[in-house]
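Enquirer: Please find the sequence and the predicted model below.
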Amino acid sequence: MSGVYVTKTPVYGKAFMDTVLGAMKTLPGAALIVGAKVRLSKDPGFSPSPQSTIAALAASECDFTGYPAGGDAVAVGTLHNLSPNSDGFIQDALFSGSGGPPFTGGSAYGYWIDDGTNVIMGEAFGSAGPINITVAGDYIELDLRLPLRFEQPVM
């Protein structure tokens, strides 16, 4: 079974938000997001928060056949107008079940993006999930939208 999920209510990591807000006080000399990877969680209770750490999230990272260990590289590109209230970045990520035999399937309950040091953002699929990879050829396509309005959902 395949599925497409579009970002709805991401939660930003506190360390990343502190970096962004700190950079707003000075002229940044380099990109704020370097070496970012998007990863999928197989934890049915996946619920990222601003205090989430890479180590805690990685303990339940997906591992279906064809999943790239350590996630998939994601580049932060050109700013886009996402709505009347925010600009942001848009990036696609594609995960597909491939390889085998034997083929090991899995389910994804959400995703997170990190830069190897800090969690940048994450989101549970909620009622849109889980998205299941049952056979080779099944896929998960993420339409990631990283809005820069910085309004956190109420926890």
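Expert: Nice, thanks for sending it over. Residues are numbered from 1 along each chain as shown.
Enquirer: contacts, neighbours, all on C-alpha from now
Expert: OK.
Enquirer: ends of stretch 42-58, how far apart?
Expert: Criterion Cα to Cα, to the nearest Å; first-to-last residue distance in stretch 42-58 is 10 Å.
Enquirer: which other residues reach that stretch?
Expert: 11-15, 41, 60-62, 106-110, 112, 114, 116-119, 122-124, 130 (Cα atoms under 8 Å, 6 or more residues apart in numbering).
Enquirer: at 6 Å instead, please
Expert: Applying Cα atoms under 6 Å, 6 or more residues apart in numbering, the external contacts of stretch 42-58 come out as Y12, G13, K14, S60, E61, C62, S107, A108, Y109, G122, A124.
Enquirer: cool, and stretch 129-142?
Expert: Contacts to stretch 129-142, defined as Cα under 6 Å, 6+ apart, come from residues 1-5, 92-98, 105-109.
Enquirer: Give the rounded mean pLDDT of that stretch.
Expert: Here stretch 129-142 scores 93 as its mean pLDDT.
Enquirer: Now do the buried residues in it.
Expert: Within stretch 129-142, the residues that count as buried by 16 or more other Cα atoms under 10 Å are P130, I131, N132, I133, T134, V135, A136, D138, Y139, I140, E141, L142.
Enquirer: Could you pick out the buried ones from the contacts of stretch 129-142?
Expert: A93, F95, S96, G97, S98, G105, G106, S107, A108, Y109.
Enquirer: element containing E123, please.
Expert: Assessed by DSSP states H and E, E123 sits inside strand 119-124.
Enquirer: Report the distance from that strand to the chain centre.
Expert: Distance of strand 119-124 from the chain centroid (Cα atoms, centre = their mean, to the nearest Å) equals 5 Å.
Enquirer: Could you look up the next helix or strand downstream of it?
Expert: Next element after strand 119-124 (DSSP H and E): strand 131-133.
Enquirer: Return the list of strands paired to that next one, each annotated with direction.
Expert: Sheet pairing of strand 131-133 (DSSP bridges) gives strand 106-108 (antiparallel).
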